Each structure stands twice: as structure tokens, then as C-alpha cells.
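Visitor: mind folding the following:
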Amino acid sequence: MRHRKQTDSLSKIFDNPMSVERNFRVKSVQDFIDTVDQIENLHGPESRGTSLSQWTVYRGHGDESYALSPSLYRDVPGVPGFYTREQLLIDEVFRLMPSEFDGLSAFQQLAKLQHFGLPTRMLDVTINPLVALFFACGGSPTVDGEVVVLPRTQILHENAQQVSWISNWAINGSWGVVNGMGVVKAAGLPVERTGAPSSEELIESLTKPFLAVRPRYTNPRLKAQNGAFLIAGLSIDGAEDFGQMGRSDAERSLEIRPHRFEFDETNESTSIRIHRPRVLVDGEAKPRILRQLNSLDVNEATLFPDPEHCVRYVREGFRNDAFGITYAPRAFVDDDV
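Guide: Residues are numbered from 1 along each chain as shown. Alright, predicted model coming up:
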């Protein structure tokens with residue numbers, strides 16, 4: 001009976017997009033699974049082809065007021081324009097730990113920096129909805145969490161050209177006013193090579209709000225969490241018709257700023273859409289949901305397979321006299337997915 005009531009409620013929301021009941025609140029794992037099932041029925045199944053892969057990806061955070069913004073783009077008190085220090089942050093880590101990044105691609109270097117906790121333009125997401133639900137149960141039980149659902153999102157391989165361009169720019173680029181050739185070189189686009197992609201293609205790729213990437217699982221945590229990444233793009237003023245004016249593009253002044261994206265489920269051009277209505281996790285239900293997830297072997301020890309987190313899982317489980325009511329990170333804020 002409860003399952004039927006849940007399904008009827010969801011159908012009412014989906015069938016009437018103007019309904020005032022805009023958000024759905026889950027209070028158990030079963031509620032959440034029913035919701036995910038309804039979302040898949042609405043948007044259609046995933047497509048995992050060789051030329052185009054569209055996956056549903058998820059991101060959970062313990063406070064529904066959190067914005068989908070990478071750590072690099074967030075405001076830092078007393079440090080205006082913190083994002084402009086992106087290359088300085090990366091260079092300093094490379095200086096201190098050069099051997100950690102030897103032989104890695106630009107994307108792999110960014111992913112490792114994200115894993116170590118450096119503010120980057122990456123957002124951690126997952127292809128496993130239960131993992132996202134775990135993270136949505138972090139934080140205070142007086143605050144609702146949220147699982148952000150991005151249905152049928154185009155997923156790129158980490159070796160894709162577009163991924164290489166934005167990753168190279170993150171490491172080698174410059175914020176503010178630069179010339180066109182500076183952007184081209186920082187992104188690693190071959191200059192004047194027969195058959196090379198055009199700078200017009202480069203600008204189009206760099207200015208996407210996000211690129212979704214499914215990486216190789218190079219560390220146990222990323223694998224355990226079925227992790228993926230969204231890489232935030234750039235806003236480039238003065239790039240209209242770039243690539244169509246020949247050599248004059250090299251000296252054209254461009255202004256590089258963060259992409260202050262607004263997700264719009266009707267905007268197909270971004271290739272990234274957020275499902276609406278929102279999927280909220282009832283704050284008071286967080287401990288119960290964590291216990292249920294624990295019975296499904298989704299917990300701190302399995303998602304963070306290192307000695308420190310495993311010991312904390314055991315310690316807090318016995319301290320609370322109930323495994324499952326254990327430490328859940330605040331969100332995908334400082335940890336991998």
C-alpha cells in the first residue's frame with residue numbers, strides 16, 4: 001500500500017508540471033528507489049554506445065541550499081576572486097610533490113588534485129544513486145539534504161579532446177584579459193597543423209557550463225563510489241566569431257571569467273540538465289536512511305576503503321550502538337564522490 005501511495009504521488013508531480021508540489025521528499029531508501037525509477041521512466045533509459053554515451057549521474061549533499069558550484073568558484077571570505085589563483089594553487093602543489101604527478105595527463109593531474117582536496121574546477125558526481133543518497137544524509141538532521149539528478153547526461157572519456165582542452169587550460173591558462181593565441185596555446189590546441197581542430201571548436205568546448213567525464217578508476221575510493229566528474233567551463237567575452245578571422249584572432253583581446261552557469265532543463269545546448277522537481281532527503285530521516293544503506297553495504301567503510309575511515313566506521317558504530325548512524329561527509333564538497 002505504501003509503495004502505491006508513493007508512486008501515485010510521484011505521478012501527480014510528473015504529470016502536472018505546473019503543480020505547486022514542486023519538490024519530492026524521501027524518507028527511506030525505498031522512497032528514493034521509487035523516485036529514481038520514476039525519473040528513469042520519464043527521461044528514458046541510459047544509452048551507453050561507442051559514439052555517444054548518455055548516463056544518469058547523481059550528486060548528493062547534506063544541505064539542500066548548497067549550489068552546484070565547484071570549490072574553486074566558491075566565495076572565500078577575505079579573498080575576492082579566489083578562482084584567479086587556480087594556476088598558482090596547482091603550480092605550488094606540483095612544486096611540493098612533483099613525483100606524484102609525473103607521467104599523468106592534464107585531466108589525471110586535476111583529478112588527483114581534487115582527490116587530495118585542492119580547490120579545483122571539478123565537481124564529484126556518481127553513477128550510483130545510492131552513493132549519492134549516502135552523501136545527502138550527511139550534515140545536520142535538522143536540515144534537508146538533496147540528491148541532484150542529471151538525467152541522460154553526455155559522458156565523455158577522460159581522453160576526449162574536449163576534456164584535454166579544459167584540463168590543459170586549468171593548469172596553463174590565465175584569467176582576465178588575454179589574447180587569442182594565449183588561449184589556444186594554454187589549451188594545447190596544435191597551431192597551423194593540417195587536420196587540426198579549429199580554434200572555433202576550441203572556444204565552443206571551453207565555454208560549455210560543464211563537461212561530464214567518467215574517468216579510469218585509478219584509486220580505490222573513486223572505484224568504490226562509482227565516481228565521475230563534472231568539469232566547469234569558462235565564460236569568454238569577445239570570442240564571437242573566433243576562429244573565422246584568420247591571423248587577427250591571435251591578437252584579439254579576450255576576457256576570461258568563470259562560467260556563472262544557470263541550469264535549465266529546457267536548455268538543450270548545455271548538454272547538462274537537472275531534473276525537476278528536486279529530490280530532497282528529509283533531515284529527520286537521515287539516521288534511518290543511513291541504517292538502511294548500511295544493510296545494503298553502503299557505508300563509510302565501503303565508500304572510503306582506507307584504514308582511517310574503516311576504523312571510524314567501527315568506532316562510531318559501536319559508540320552509537322547502531323551501525324549505519326556513522327559519519328557521513330557533508331557532501332561532495334571536500335571528498336571524492
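
Visitor: how about low-confidence regions in the stretch 201-337 of the chain?
Guide: In the prediction, the stretch 201-337 of the chain carries residues with pLDDT under 70 at positions 241-250, 260-271, 321-337.

Visitor: okay, strands next: where are they in it?
Guide: 210-214, 227-232, 234-237, 253-258, 279-281 (DSSP state E, counting those that start in this stretch).

Visitor: return the residues in contact with the residue nearest to the spatial centre of the chain.
Guide: Residue closest to the average C-alpha location in the chain (C-alpha atoms, centre = their mean): Leu123, at 3.2 Å. Counting by C-beta atoms under 8 Å, 6 or more residues apart in numbering, Leu123 touches 59, 68-70, 210, 229-232, 332. C-beta here means a position set from N, CA and C on the backbone, and glycine is covered the same way.

Visitor: swap in 7 Å and give it another go.
Guide: 59, 68, 70, 229-230, 332 (C-beta atoms under 7 Å, 6 or more residues apart in numbering).

Visitor: now those in TSV, with distance to Asp297 and neighbour count?
Guide: Output for these, formatted as TSV (distance: C-beta to C-beta, whole Å; neighbours: other C-beta atoms under 10 Å):
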residue	distance to Asp297	neighbour count
Arg59	21	25
Leu68	28	19
Pro70	30	20
Phe229	24	28
Leu230	27	23
Phe332	20	30
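
Visitor: next, the angle strand 210-214 makes with the helix or strand hosting the residue nearest to the centre of the chain.
Guide: According to DSSP states H and E, Leu123 maps onto strand 122-126. Comparing the axes of strand 122-126 and strand 210-214 via axes from the mean of the first three to the mean of the last three C-alpha atoms, to 10 degrees yields an angle of 50 degrees.

Visitor: what average pLDDT does strand 122-126 get?
Guide: Per-residue pLDDT over strand 122-126 has a mean of 95.

Visitor: can you dump the C-alpha atoms of that strand in PDB for me?
Guide: This file holds the C-alpha atoms of strand 122-126, laid out as PDB (Å, rounded to 0.1, in the frame of the first residue of the first chain):
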ATOM      1  CA  MET A 122      35.800  19.700 -10.800                       C
ATOM      2  CA  LEU A 123      32.600  18.600  -9.100                       C
ATOM      3  CA  ASP A 124      32.400  15.000  -7.900                       C
ATOM      4  CA  VAL A 125      29.400  13.000  -9.000                       C
ATOM      5  CA  THR A 126      28.500   9.300  -9.200                       C
END
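
Visitor: now do it against strand 227-232, angle only.
Guide: 150 degrees.

Visitor: next SSE after strand 122-126?
Guide: Moving toward the C-terminus from strand 122-126, the next element (DSSP H and E) is helix 129-136.

Visitor: C-terminal to that next one, what's the next element?
Guide: strand 145-157.

Visitor: so what touches the next helix or strand after that following strand?
Guide: Later in the chain than strand 145-157, the nearest helix or strand by DSSP H and E is helix 161-172. Residues outside helix 161-172 that contact it (C-beta under 7 Å, 6+ apart) are 86-87, 90, 106-107, 109-110, 121, 156, 186-189, 197, 202, 205-206, 211, 213, 231, 233.

Visitor: so which bits of helix 161-172 are buried?
Guide: By neighbour count on 16 or more other C-beta atoms under 10 Å, the buried set for helix 161-172 is 162-172.

Visitor: including pLDDT, could these go into CSV?
Guide: Formatted as CSV, the buried residues of helix 161-172 follow (pLDDT from 0 to 100):
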residue, pLDDT
Gln162, 93
Val163, 95
Ser164, 95
Trp165, 95
Ile166, 95
Ser167, 96
Asn168, 95
Trp169, 95
Ala170, 95
Ile171, 96
Asn172, 94
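
Visitor: quick one: which of the residues you listed is nearest Gln30?
Guide: Val163 (36.9 Å; C-beta to C-beta).

Visitor: show me which of the contacts of helix 161-172 are buried.
Guide: Those of the contacts of helix 161-172 that meet the buried threshold are 86-87, 90, 106-107, 109-110, 121, 156, 186-189, 202, 205-206, 211, 213, 231, 233, by 16+ other C-beta under 10 Å.

Visitor: for the stretch 201-337 of the chain, just list every one of the helices.
Guide: Ranges of helices in the stretch 201-337 of the chain, per DSSP state H, counting those that start in this stretch, are 220-224, 248-251, 286-295, 300-303, 307-319.

Visitor: noted, bye for now.
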